[in-house]
Structures are given as C-alpha cells and as structure tokens.
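Engineer: please find the sequence and the predicted model below.
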Amino acid sequence: MCNYNKQNDDTKELLNLLIKKITDSVGGANFLLGLIEEMKKHKPNALMYKHTQIESEHLSISWNKIVFKDKVDVLEEVLHSHKSSEGIEFNILDNENSKKRKKILNMVKALAPITFVVKPKDEQNGGGFDFKVFDSIEDDFVKINPLFMAMFFCSIDFTKKALKYNPQ
C-alpha cells in the first residue's frame, strides 16, 4: 500500500485530492510534511508515544488513547501482507487463518475508537482536521483510512508524490 508507484491512477488521484484538502486546512504542504517528519522521529512508531501528542514547529497531532505494541505489530503484519495492493480499497479481514483473523478483529476493536486531531498552532493557518484509523467497519469488511496510512506508516516520499500527482 505504501509504494506510491504501484498504486492505480484512481488511487493516486484520490490520495492527491485528500492530501491537498488537508494541507489547505493546516496552512500548507510544508507544515504537514514537517509534522510527518516529526512523527517519524518517534521510534518504533509514533502511535505508541505515551504522551499521545506530537508537535512540529507549526502543527500538533493528538489522539485519545495510547496504542500498545501488540496492536501496532498486528497492524504492521496486515499492512505487510497487503503491501503489493494497487489500491487502498483492500479488506484487512481478508485472511484465511482464523487465529490471525481473530487477532485482526481484536486490533480493530481496540483502534476503532481512536480519533486523531491535527491542529495548526496559529489559528490563522486553518481549522485543522481529524481522522480515524479505519474508513469503514462492517461485518466482514474493514478498510484502513489512507490518511492514517500516509501519516503513520508510509514514507514522507509517499506523501510528497501524492501531493505532486498530476493526472494526464
């Protein structure tokens, strides 16, 4: 999923529109990229940061619940198994192994209530935005929010390519 060059044109266009829309709400692309770079400094993953808030020079992101390593590990395993996906519409519950499927469902239950809020430090730069981990959660279909993926799991180059995308 995080290989931008493998995405189909519809996905590239959707990512471009989504990321441009959120950059407008926080003061521009450089502010968002600065926040993502700051998030990448928190190892092994910013989701596990115990203070549930990360600040860059112009923006801050906060969330309402600490995420533990076991849930991040399950999420990374799911993403790794779908890394060659040529779109963002993949179902993370698509797993034949019932034990793995149960682990995934438990991870979904733990992460579903989390809301991430991105706010500019200066209100003149915009109102900010918020997002969740999952775009949709239905009985047998769970879709990860592409914005969540870009912010927490994909490289900074992924976001830059999405911003620069120009449909022919």
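Structural biologist: Structure's in. What do you need?
Engineer: please make it C-alpha for all contacts and neighbour counts, starting now.
Structural biologist: Fine.
Engineer: which ones are touching Val108?
Structural biologist: By CA atoms under 8 Å, 6 or more residues apart in numbering, the contact list for Val108 is empty.
Engineer: assign it to helix, strand or coil.
Structural biologist: With DSSP: H, G, I helix; E, B strand; the rest coil as the basis, Val108 sits in helix.
Engineer: how near is it to Ile61?
Structural biologist: To Ile61, Val108 is 21 Å away according to CA to CA, to the nearest Å.
Engineer: contact partners for Met107?
Structural biologist: Lys71, Val74, Leu75.
Engineer: pLDDT averaged over the helix or strand hosting the first one - what is it?
Structural biologist: Secondary-structure element containing Lys71, defined by DSSP states H and E: helix 69-81. Averaging pLDDT along helix 69-81 gives 89.
Engineer: okay, it in PDB with CA atoms only?
Structural biologist: Extracted as PDB, the C-alpha positions of helix 69-81 are listed here (Å, rounded to 0.1, in the frame of the first residue of the first chain):
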ATOM      1  CA  LYS A  69       3.000  -2.600  20.700                       C
ATOM      2  CA  ASP A  70       0.900  -5.800  20.200                       C
ATOM      3  CA  LYS A  71      -1.800  -3.800  18.300                       C
ATOM      4  CA  VAL A  72       0.900  -2.000  16.200                       C
ATOM      5  CA  ASP A  73       2.500  -5.300  15.400                       C
ATOM      6  CA  VAL A  74      -0.800  -6.800  14.100                       C
ATOM      7  CA  LEU A  75      -1.400  -3.700  12.100                       C
ATOM      8  CA  GLU A  76       2.100  -3.800  10.500                       C
ATOM      9  CA  GLU A  77       1.600  -7.500   9.700                       C
ATOM     10  CA  VAL A  78      -1.700  -6.800   8.000                       C
ATOM     11  CA  LEU A  79      -0.100  -3.900   6.000                       C
ATOM     12  CA  HIS A  80       2.900  -6.100   5.100                       C
ATOM     13  CA  SER A  81       0.600  -8.800   3.700                       C
END
